[in-house]
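J.: no sequence on this one, just coordinates:
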Ligand code: CP3
């Protein structure tokens, strides 16, 4: 067919409520999914993992498929989230990284110098075969339900790599940002390339949307964000733009960064629970959908209080160009799955338009 005009076949999930909301198109109901919907809140997850270390499980396509499908079956959410972790591409290139239960990712040899950058090579397709296989299995099973692929944003991954593990103050990270800005920006640029490989593998294997998690970027002042961080995040969004799937960007404590996060190139800006969605829309500006933003802690309140909090989010979202319902951060490990199912049902019921 060379030489003739070919239209790309439509993605199976292109008409889903999630993708439509991300594109700011009319929806049959407000789509709902939960960050960290797969995993520890579900008893069937503990059964499936059955002692397999977290990062090993991420390279087992059948197990990844089963764990990813569990919350879709149980909650009736509008999207699946690829079961993996932001440090998986680091593991794939041979970095000594482990996820310590109750702690988070721990890196044996932190990045401190220019020479350390040599260890951070960009993954080849061979490094990512298990990711490609898992996403293909999943999207075949999901059909028209979108799979949300994801990756770690340069700042958040840099923080783990520099600190060697989770950090509250990100002191070493900021010491490098201010004290060795060339090394810091070279590191973020390299991580951008690693994340681009991770994301494009997922999109090319069938993911219907992607989310870039910059979980800890709320620690950075806006001026520093624009100078040292945004260029690397923008590189990631630009690199996947031509693949045509919606791009979501999320961080915690980012009230003062919302506009900058959108301007990095996302179609959808994720908002935590600290800023009401109507105010978030004013900060982000026109032309973007928003995602969020129920306080995860409200899952521990009685059902009537939970319903009221969900309704408040819906009321604050009423004037948005596009809204994807989510929590303001991940599902807490000890959350009651019944409460999450209740949220999905409530949102669907109270936003159904019949269109
Ligand atoms: O359902 C989903 O959302 C997909 C699964 C998912 C995991 N990690 C699985 C996981 C996603 C999207 C992530 C992303 C991730 N990983 C982020 C960004 C999201 C966020 O919460 O801001 C971050 C910062 C990480 C790093 C990380 N990995 C942390 C902080 C932890 C928790 C450590 C702990 O035990 O408290 C992990 C481990 C992890 N990632 C688990 C799961 C299911 C728990 C592993 C276990 O079973 O012990």
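T.: In hand now; what should we look at? Just so we're clear, the structure is a prediction, and the values are computed from it rather than from any experiment. Numbers count the residues shown, from 1 in each chain.
J.: Quick check on residue 100: phi, psi?
T.: phi -90, psi 120 (degrees, to the nearest 10).
J.: With residue 279 instead?
T.: Per-residue torsions, residue 279: phi -70, psi -40 (degrees, to the nearest 10).
J.: Number the residues from 714 up from this point.
T.: Understood, numbering begins at 714; the last thing we discussed is residue 992.
J.: Could you give the number of residues near it?
T.: A total of 13 residues lie near residue 992 under the criterion other C-beta atoms under 10 Å. C-beta coordinates here come from the backbone N, C-alpha and C atoms, glycine included.
J.: what do you get for residue 824?
T.: 24.
J.: How about the residues of this protein by the ligand?
T.: Contact residues, the chain versus the ligand (C-beta under 6 Å from any ligand atom): 748-753, 767, 794, 796, 798-799, 812, 814-818, 863, 926, 928, 1043.
J.: 5 Å - rerun?
T.: 749-752, 767, 794, 798-799, 812, 814-815, 817, 926, 928, 1043 (C-beta under 5 Å from any ligand atom).
J.: from those, which ones fall inside strands?
T.: 794, 812, 817, 926 (DSSP state E).
J.: what's the farthest-apart pair in the residues of the chain next to the ligand?
T.: 794 and 815 (21.4 Å; C-beta to C-beta).
J.: what about those two, which has more around it?
T.: residue 794 (24 against 6).
J.: Check the ones in strands among the residues of the chain next to the ligand for burial and list the buried ones.
T.: 794, 812, 926 (16 or more other C-beta atoms under 10 Å).
J.: my guess is residue 856 contacts residue 728, does it?
T.: No: applying C-beta atoms under 8 Å as the test, residue 856 and residue 728 come out as separate, 11.7 Å apart.
J.: Check whether residue 1037 sits in a helix, strand or coil.
T.: Assigned with DSSP: H, G, I helix; E, B strand; the rest coil, residue 1037 falls in the strand class.
J.: residues contacting the closest residue to the ligand within the stretch 764-913 of the chain?
T.: In the stretch 764-913 of the chain, the residue that lies nearest the ligand is residue 817 (3.5 Å; C-beta to the nearest ligand atom). Residues in contact with residue 817 (C-beta atoms under 8 Å, 6 or more residues apart in numbering) are 873, 878-879.
J.: Got a PyMOL select line for the buried ones in those?
T.: What follows is the PyMOL syntax for the buried subset of these, where burial is set by 16+ other C-beta under 10 Å:
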select buried, resi 873+878
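J.: Among the contacts of residue 817, which ones are in strands?
T.: Among these, no member falls in strands (DSSP E).
J.: just checking, residue 808 touches residue 833?
T.: Yes: counting by C-beta under 8 Å, residue 833 is a contact partner of residue 808 at 7.4 Å.
J.: who's in contact with the helix or strand encompassing residue 973?
T.: Element membership for residue 973 (DSSP states H and E) is helix 971-976. Defining contact as C-beta under 8 Å, 6+ apart, one finds that helix 971-976 is touched by 927, 930, 935, 938-939, 943, 946, 962, 964, 967, 982, 984, 988, 993, 996-998, 1001.
J.: And the strands in the stretch 864-1013 of the chain?
T.: 922-926, 960-963, 981-983, 1002-1007 (DSSP state E, counting those that start in this stretch).
J.: if you compare the ones you listed, which one is most tucked away?
T.: strand 981-983 (a mean of 28; mean count of other C-beta atoms under 10 Å).
J.: ok so, going back, common neighbours of residue 808 and residue 833, please.
T.: What both residue 808 and residue 833 touch, as defined by C-beta under 8 Å, 6+ apart, is an empty set.
J.: so what's residue 811 closest to, chain neighbours aside?
T.: Leaving out its chain neighbours, the residue that sits closest to residue 811 by C-beta to C-beta, 6 or more residues apart in numbering is residue 819, at 5.3 Å.
J.: Just the buried residues of whichever helix or strand that neighbour is part of, please?
T.: Under the criterion of DSSP H and E, residue 819 resides in strand 817-820. Buried residues in strand 817-820, counted by 16+ other C-beta under 10 Å: 818-820.
J.: same question, stretch 895-908
T.: Across stretch 895-908, burial judged by 16+ other C-beta under 10 Å covers 896-898, 900-901, 903-908.
J.: Contacts for it next, please.
T.: 802-803, 806, 824, 826-827, 830, 833, 835-836, 864-868, 870-871, 874-875, 889-890, 925, 941-942, 944-946, 948-949, 952.
J.: now the ones in strands among the residues of the chain next to the ligand in JSON lines, with pLDDT and distance to residue 772?
T.: Below are these laid out as JSON lines (pLDDT from 0 to 100; distance: C-beta to C-beta, whole Å):
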{"residue": "794", "pLDDT": "98", "distance to residue 772": "17"}
{"residue": "812", "pLDDT": "96", "distance to residue 772": "13"}
{"residue": "817", "pLDDT": "96", "distance to residue 772": "19"}
{"residue": "926", "pLDDT": "98", "distance to residue 772": "20"}
